[in-house]
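Student: Predicted model, plus sequence, below.
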Amino acid sequence: MDNNIPSGSSLSSQLIKNNSPKLDSPPIFHSKKNLLDSTITKIASTNIRTLNKYKFIGLIDAMKDHNINIYGLSETNCSERQAKIWQHQLGVRSYFDYSQLGGQRPRRRLQIEALHKYIDDTISDAQARDIEVIIMGDFNINYRKYLMAFVNNKWQFSLFCTLECRRLLDTIPIFNDNDEEMYTYTPADSNK
């Protein structure tokens with residue numbers, strides 16, 4: 001294993017020490033309060049697992065409460081028609097991508113490996129042009145398992161290797177003391 005690759009816990013401290021990536025001296029945020037109080041563009045991402053009107057309203061409230069500018073959602077299972085109705089009723093502007101719906105899907109591993117390669121190529125291109133990179137999405141991989149694995153060169157973990165080698169960091173620890181208590185699913189019927 002390359003000793004120049006930081007572990008998850010040391011990644012943010014190495015970014016500070018190395019001043020990497022080279023940007024126009026962005027502020028380093030050591031706490032949730034510092035980040036929330038800043039004037040930078042704030043982006044959040046959530047695996048919503050079926051969007052309903054109450055979750056949509058909750059997300060809009062969270063955007064207002066935390067000054068979030070862009071909120072990425074995955075696994076909405078929301079029809080185009082329903083999305084348009086909610087946008088009109090709630091007065092928000094949104095974009096839904098339905099490219100993953102329908103059609104023949106390739107085998108899972110091939111699809112995942114193609115996605116990881118696309119992400120790697122996109123990061124390489126962006127960093128070569130000194131463009132800042134933000135990656136959002138539900139990749140169905142567990143960083144803690146990656147760190148705890150005796151052998152972490154399994155194909156499922158290749159995205160973590162890519163991100164670490166490129167000195168990109170995970171923002172979840174900034175907002176959550178314990179990621180095991182992060183609940184990403186709320187049933188439409190709260191009695192369930």
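Tutor: That came through, no problem.
Student: going forward, measure contacts between C-alpha atoms and count neighbours the same way
Tutor: Fine.
Student: Next SSE downstream of the helix with the most length in the chain?
Tutor: Counting residues, the longest helix found in the chain (DSSP state H) is helix 108-128. Remark: after helix 108-128, the chain's next helix or strand is helix 143-148, criterion DSSP states H and E.
Student: related to what we said a few turns ago, buried sites along the longest helix of the chain?
Tutor: By neighbour count on 16 or more other Cα atoms under 10 Å, the buried set for helix 108-128 is Ile112, His116, Ile119, Asp120, Ile123.
Student: And stretch 77-91, by the same measure?
Tutor: Neighbour-count burial for stretch 77-91 flags Ala83, Lys84, Trp86 (criterion: 16+ other Cα under 10 Å).
Student: residues making contact with it?
Tutor: Arg49, Thr50, Leu51, Asn52, Lys53, Ile57, Arg93, Ser94, Phe96 (Cα atoms under 8 Å, 6 or more residues apart in numbering).
Student: The first one is in contact with Lys55, isn't it?
Tutor: No - with contact taken as Cα atoms under 8 Å, Arg49 and Lys55 are classed as non-touching, separated by 10.1 Å.
Student: that older thread, reformat the buried residues of helix 108-128 as a markdown table; add pLDDT and distance to Asn69.
Tutor: Output for the buried residues of helix 108-128, formatted as a markdown table (pLDDT from 0 to 100; distance: Cα to Cα, whole Å):
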| residue | pLDDT | distance to Asn69 |
| --- | --- | --- |
| Ile112 | 80 | 29 |
| His116 | 86 | 26 |
| Ile119 | 87 | 23 |
| Asp120 | 89 | 26 |
| Ile123 | 88 | 22 |
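Student: still on that earlier bit, and the longest helix of the chain, what does it pack onto?
Tutor: On a contact count with 3 or more Cα pairs under 8 Å, 6 or more residues apart in numbering; DSSP states H and E, helix 108-128 meets helix 158-165.
Student: buried ones in the helix it packs on?
Tutor: Residues Ser158, Leu159, Phe160, Cys161, Thr162, Leu163, Glu164 are the ones in helix 158-165 that count as buried (16+ other Cα under 10 Å).
Student: go on, stretch 43-57?
Tutor: Thr46, Asn47, Ile48, Arg49, Thr50, Leu51, Asn52, Phe56.
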